[in-house]
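**Student:** dropping a prediction and its sequence here:
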Amino acid sequence: MRFATLLVLCAVMAVGANADDKWPAGYVPGTPEYSGYRVGGEDCENAVVIAALPYTDTGNTCSFLHDYDEVCFYSGSLSPDVVYQYTPCGDGIVYMTLCTGITDYDTKLYVYQDECVPPFFACNDDECSGGFMFVSELMPVVLELGHTYYIIVDGYGSDCGNYTIDITGDEGGSPADSPTWGSIKALFK
Ligand SMILES: [Ca+2]
Ligand SMILES: [Ca+2]
Ligand SMILES: [Ca+2]
């Protein structure tokens, strides 16, 4: 009954949570970088809150400050970063990718649990190929009820640029609802 209640709650929260059209006025997808388009939060205290999944957002990191860095596997980055915040309403698996939309620079993507201090909860620098060379994704990340997660869109070296972040998942169900939940969770313990 507890999980059934959670599912209902998650379903209610998801209503009306579809991402608005985030393209800035006058912006044509695929055109060069548009600086100054700030949609993410500057740091964890000012993170943009994700109310429900699925979630997508587009922006540009170049006018932000460098607040964080994690090593996976490359160190010494001074790239500006933006922060999103998500508190799941149930245990579950989520999939986060920058390998989509208008992402056009050498990104790094990592997650903190509850506090934005090392060690990271999950981190990736380079995963994708083709048109998204050196771009990051985390598939999957196992989130647990009772924790808040901070998702940092960062870069390699001092790189910055346009990004699209896309987050989906089956969060809201119980471990028993997902036949792979136990085995995937074991990878992160
Ligand atoms: Ca940084
Ligand atoms: Ca920042
Ligand atoms: Ca990268």
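**Tutor:** That came in fine, so what should we check first? Owing to the predicted nature of the structure, the values given are computational and were not obtained by experimental measurement. Residues are numbered from 1 along each chain as shown. Ligands and ions are numbered 1, 2, ... in the order given.
**Student:** leaving out chain neighbours, which residue sits closest to the spatially most central residue of the chain?
**Tutor:** When C-alpha atoms, centre = their mean is applied to the chain, the residue found nearest the centroid is Ile151 (4.6 Å). In space, and not counting its chain neighbours, Ile151 is closest to Tyr84: 4.4 Å by C-beta to C-beta, 6 or more residues apart in numbering. The C-beta positions use only the backbone N, C-alpha and C, and glycine is treated the same way.
**Student:** tell me which parts of this structure are close to ligand 2?
**Tutor:** Residues of the chain found near ligand 2 (C-beta under 5 Å from the ion) are Glu42, Phe64, Leu65, Asp67, Asp81.
**Student:** which of those residues are buried?
**Tutor:** Buried by 16 or more other C-beta atoms under 10 Å: Glu42, Phe64, Asp67, Asp81, out of the residues of the chain next to ligand 2.
**Student:** ligand 3: which of the residues you listed is nearest?
**Tutor:** Comparing these against ligand 3 with C-beta to the ion places Asp81 closest, at 12.9 Å.
**Student:** I'd say the closest one and Asp67 touch.
**Tutor:** Yes - using C-beta atoms under 8 Å, Asp81 is in contact with Asp67, at 5.8 Å.
**Student:** quick one: stretch 66-78 to chain centroid distance?
**Tutor:** 16 Å (C-alpha atoms, centre = their mean, to the nearest Å).
**Student:** residues making contact with that stretch?
**Tutor:** The contact list for stretch 66-78 (C-beta atoms under 8 Å, 6 or more residues apart in numbering) reads 42-43, 79-81, 83, 108, 110, 116, 118, 120, 123-125, 152, 154-158.
**Student:** which ones among those residues are found in strands?
**Tutor:** Val83, Lys108, Tyr110, Cys123, Asn124, Ile152, Asp154, Gly155 (DSSP state E).
**Student:** partners of the fifth one in the sheet?
**Tutor:** Right, Asn124. Bridge pairing for Asn124 (DSSP bridges) gives the partners Leu109.
**Student:** distance of it from ligand 2?
**Tutor:** Look at Asn124 and ligand 2: by C-beta to the ion, to the nearest Å, they are 18 Å apart.
**Student:** now the helices for this protein?
**Tutor:** 2-14, 181-186 (DSSP state H).
**Student:** near ligand 3, which residues of this protein?
**Tutor:** Neighbours of ligand 3 within the chain, by C-beta under 5 Å from the ion: Asp106, Asp125, Asp126, Phe134, Tyr156.
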